[in-house]
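Asker: Let me see the structure of the following:
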Amino acid sequence: MSRLAERAAPLLSWPLAAGVALAFCLFTLRMMAFTDGHRSAPLDDTFIHLQYAKQIARGDYFRYQPGDPPTTGATSLLYVHLLALPALLGLDGMNLLTAAAGLNLFLLYFGLFELYRLTRALYDKEAGIAAVVFCLSSGAFLWGAFSQMEIALFACLLLVTARLYHQWASSGEGFRRLMVAAALLCLVRPEGSILALLLTGCVLAQRLLRERGKEREPWGGRWMLLLPVAAYLFQPALNWLLTGQTTSAGLLAKSEFAPSNPFWWPNVKTSWTHFQHIVLFLLGLSPEAGETLLGLRPQAPRHLLSAYLPPGTLLLFLMATVAIFSRRQWQAFLRSIHPWMFLALGATMAAVATLYCYNDHHWRYLLPLFPLLFVGVAGGLSRIASAFRSRSAPWVFRVLAALFVITQGAHLLFWANQYGQESGIHYKKHFQLAQWIDDHLPEQARIAINDAGILPYASERRFFDLVGLTTRGTTLPFRVGYGALAEYLEQLPDEERFDYYCVFPRWFPSYKNIGLFGEELFSIDDPYTSGYEKKVYRARWDWVGSGDEPKRLSLMPGWNIRDRLDVADLASEAGHDYTLLSGPERKRPADLQANLVYHYAGEDRLDWAVVDAGRQHRGGERFRLRNLDPARPARLILRTADISGIPGRFVATVAVNIDGAFFQQWKLSPNPWRWSEEVLSLPAQLIVRPELEIEVRFLEGEESPFYGSYYYWILQEDEAS
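Answerer: Down below sits the predicted model:
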């Protein structure tokens, strides 16, 4: 024990421990104030990690619930395995949450200890102390570190890797430890893989730079360069073994470049806009100010500065990492840690910009970068101070550092209260909702949810994740749109259907109107904010199959359906080689219509209710229809609708190509908020084989901003007829 104490002694810093403990007490006390003394967390996603850890400890490896197939909804592979260690000791429920809090407290302390060592080695002792104080005064970073997400782990490993890299770059020592740290960084988050691979490239480049013009020396252990690469490949390989897909469910659910968005150029433009927002965020500007500077909002912002970072933070980081004044400095720069720091920040910004939820949860995807950012801030302030006389330089640095801390620390209580309030919302809403479910719903009931964390963790009921993080198959339909999700639900086998919905109704704005939600059983709102109520509904399934047959079929005796394409049903689309054609803008699937009906010509009777989903097109679509008899005429039926609801406004014209050759223009005149079925006759000479490739391309005009397609049928007449 004494030997262990001797080894741990160099890692102990009582002032740092006191600072971390005070910060933890502040945030914990504010949480207890909002939860009436109970333990909770500010994010529902925290409990996704805890649930996976609990299941790993039980032997159900990555099975979110007993009996379910494996899923990949936990983004941090390393973090869930660390949480599984206390779960293996029997900790469960709130005790496992407490263990996660203890783990993150240790990671925060050790990460700040490494931050001090790194900054001191790069600059001086005062810069090291300043960087630590910057972190402890950053309410946003502390919110993330105490959220029980992987933020503290990511930040800690990032700092450990950075310090080991600086040690290797300065003295050539610790190469193996550096590669091990980089490999672990790959397993924390996808952004960690990017940083680790960049580091591997920088290490190799530095080695080649130092050997240039010299006789090459033996490089022991160079095979360790493959370790981060192997760790990078391990997670997609594991995903494939578990689910048959290399991409995790989290990335499919959040990336702008997921298969749900097939047009890459609009996604690039969207990601570029996100990147601009991130740059302004790191400059310390408020979202309102940033959007005004980008021209997205014409009005002046109410608050110029951000509650996250002091103004000019990114500029100070750049000043420390890329300021070069001579050729000699340039050579030293290339052989230092600074190129990697600069590339690491830029690459992470670019990676986060590809997420449609890039700024969700208080920019939590960027919070792990704050300590590395503060290393650069301390370096930038040191550079500014060095421009003054030697006697004045230390005082200039101290004054500037104090201003930085005061500007940032002014928001510390705000973030502590934010942490407490969000923890209180989850305890007083989601945990109470889980208790209501346990008390009022049957034990064998299956419940559809859109937040997959607290409810499955706190309740022993079976749940169906509509978002797809923890239930297979729903991720892509959810991303395509809630219309495609309804089409997916329509195809569920009876044994996989659920009995209840427990959701935010605003996430599914048409489901109640069209009858997917049944009787409302319970409702609970946020205790501190209004408008975010969660409701429990009895699920209805009597709408299934209501849109499979065209009404026109009853007016065509002797004609039979040979093939059908249900647009927005991803399985049906895949079976017909369905492809979206690019247009001026990317358009998501059309909104599900509320009790759309067929309107007989010349009659004012609305007696045919159909639930169906489709897509809106500014470009067009291409697909194949099969099972035809060659050399016999056919009829193509399209179900469409006018979602504008304005009579006479929506008249669309499309060009129809058959097997790559133009056939004719087709004028569509759908009814407002009612189904319309348009019929196109195909002559026998066009049907030269059992399969037709049909392309429908929108012809842009003043009257029609787009056209909608919901269902296609192709018919041929019976020989007897």
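Asker: what's the next secondary structure element after the lowest-mean-pLDDT helix or strand in the chain?
Answerer: Every helix and strand of the chain was ranked by mean pLDDT, DSSP states H and E. The lowest is helix 287-293, at a mean of 55. Counting by DSSP states H and E, the element after helix 287-293 in chain order, helix or strand, is helix 313-322.
Asker: Could I get the average pLDDT for that next one?
Answerer: Taken as a whole, helix 313-322 carries a mean pLDDT of 90.
Asker: how about it: buried residues?
Answerer: Within helix 313-322, the residues that count as buried by 16 or more other C-beta atoms under 10 Å are 313, 314, 316, 317, 318, 319, 320, 321. C-betas here are computed from N, CA, C, even on glycine.
Asker: With stretch 547-561 instead?
Answerer: Within stretch 547-561, the residues that qualify as buried are 547, 550, 551, 552, 553, 559, counting by 16+ other C-beta under 10 Å.
Asker: Could you measure from the residue nearest the centre of the chain over to residue 444?
Answerer: Nearest to the mean C-alpha position of the chain, counting by C-alpha atoms, centre = their mean, stands residue 254 at 2.9 Å. When distance is defined by C-beta to C-beta, to the nearest Å, residue 254 is 33 Å away from residue 444.
Asker: Could you do residue 49 as well?
Answerer: Computed with C-beta to C-beta, the distance linking residue 49 and residue 444 is 27 Å.
Asker: So these two - more neighbours on which side?
Answerer: Applying other C-beta atoms under 10 Å to residue 49 and residue 444 shows that residue 49 carries more neighbours, namely 26 against 8.
Asker: Residues touching the helix or strand hosting the more buried one, excluding its own?
Answerer: Element membership for residue 49, per DSSP H and E: helix 46-58. Outside helix 46-58, the residues within contact range by C-beta atoms under 8 Å, 6 or more residues apart in numbering are 41, 61-66, 73-74, 76, 79-81, 83-84, 87-88, 92, 96-97, 100, 147-150, 452-454, 456-458, 469-470.
Asker: For whichever helix or strand comes after it, what is the distance to the chain centroid?
Answerer: Along the chain past helix 46-58, the next helix or strand (assigned with DSSP H and E) turns out to be helix 77-88. Average the C-alpha atoms of helix 77-88, do the same for its chain, and the two points are 22 Å apart (C-alpha atoms, centre = their mean, to the nearest Å).
Asker: The helix or strand that comes right after helix 77-88: which residues count as buried?
Answerer: Per DSSP H and E, the first helix or strand lying C-terminal to helix 77-88 is helix 93-122. Within helix 93-122, the residues that qualify as buried are 96-97, 99-101, 103-105, 107-120, 122, counting by 16+ other C-beta under 10 Å.
Asker: Buried ones in stretch 330-346, by neighbour count?
Answerer: Of the residues in stretch 330-346, those buried under the neighbour-count criterion (16+ other C-beta under 10 Å) are 333, 336, 337, 338, 339, 340, 341, 342, 343, 344, 345.
Asker: ditto for stretch 566-585
Answerer: Taking 16+ other C-beta under 10 Å as the basis for neighbour counts, the residues of stretch 566-585 that come out buried are 566, 567, 568, 569, 570, 572, 573, 576, 578, 580, 581, 583.
Asker: What distance do you get for the second one to residue 679?
Answerer: If you measure residue 567 against residue 679 using C-beta to C-beta, the figure is 17 Å.
Asker: any idea of the mean pLDDT for stretch 635-654?
Answerer: Rounded mean pLDDT across stretch 635-654 is 77.
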